[in-house]
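Asks: please find the sequence and the predicted model below.
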Amino acid sequence: EPGVPRRWASDAVKRVLASSAQDGVTFQVLSNPEFLAEGTAMDDLQNPARVLIGGEQTPEGLAAVETLASVYAQWIARPQIITTNLWSSELSKLVANAVLAQRVSSINSISALCEATDADVSEISRAIGSPPRPRPQVPNTAGGFGGGGVP
């Protein structure tokens, strides 16, 4: 389908491994995307907000996911380790990048509005960004446009 992302990363790795695998050797491909910010990458690695691990939803795949999760669990709390199927993990990284791009684009547009109206974009940014609501900062699917606060 045009416009639908392909599962190229995991599929490509599987093809490479399968083409050179010896008889009787099995493998599992996991997706473990990074969510590192420029300038804070080392801190983000040591103290991540989340770790995402995706794998095949087979007994072997789930065991591989758990093995990697147990490595991260040596320094990261289990609730911060999110496990998904392989494609959900890959697509989550693509969506995270798209949401970040939307946020940057939005604040740039708001900046232009602020310049035209004598508002301060840094004050707007601070006002809409804090304090965080006591719930996950991601939307869930819902009917309409997002609840009673949004027409």
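Replies: Perfect, thanks for sending it.
Asks: state the next helix or strand along the chain beyond the lowest-mean-pLDDT helix or strand in the chain.
Replies: In the chain, no helix or strand scores lower on mean pLDDT, DSSP states H and E than helix 8-20, which sits at a mean of 81. Using DSSP states H and E, the helix or strand that follows helix 8-20 in sequence is helix 41-46.
Asks: contacts for that next one, please.
Replies: 34-37, 75 (CB atoms under 8 Å, 6 or more residues apart in numbering). Placement of C-beta: from N, CA and C, glycine included.
Asks: highest neighbour count among those?
Replies: Taking other CB atoms under 10 Å as the neighbour criterion, F35 ranks highest of the contacts of helix 41-46 with 16 neighbours.
Asks: what residues are up against that residue?
Replies: With the criterion set at CB under 8 Å, 6+ apart, F35 makes contact with 44, 48-50, 52, 93, 96.
Asks: kindly report the same for I124.
Replies: Per CB under 8 Å, 6+ apart, neighbours of I124: 110, 114.
Asks: so which strand or helix has it?
Replies: Going by DSSP H and E, I124 is in helix 121-129.
Asks: give the rounded mean pLDDT of that helix.
Replies: Mean pLDDT, computed over helix 121-129, is 88.
Asks: returning to what we had before: could you dump the contacts of helix 41-46 into a markdown table with pLDDT and distance to L86 added?
Replies: Output for the contacts of helix 41-46, formatted as a markdown table (pLDDT from 0 to 100; distance: CB to CB, whole Å):
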| residue | pLDDT | distance to L86 |
| --- | --- | --- |
| E34 | 88 | 16 |
| F35 | 86 | 17 |
| L36 | 85 | 21 |
| A37 | 83 | 25 |
| W75 | 92 | 24 |
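Asks: okay then, goodbye and thanks.
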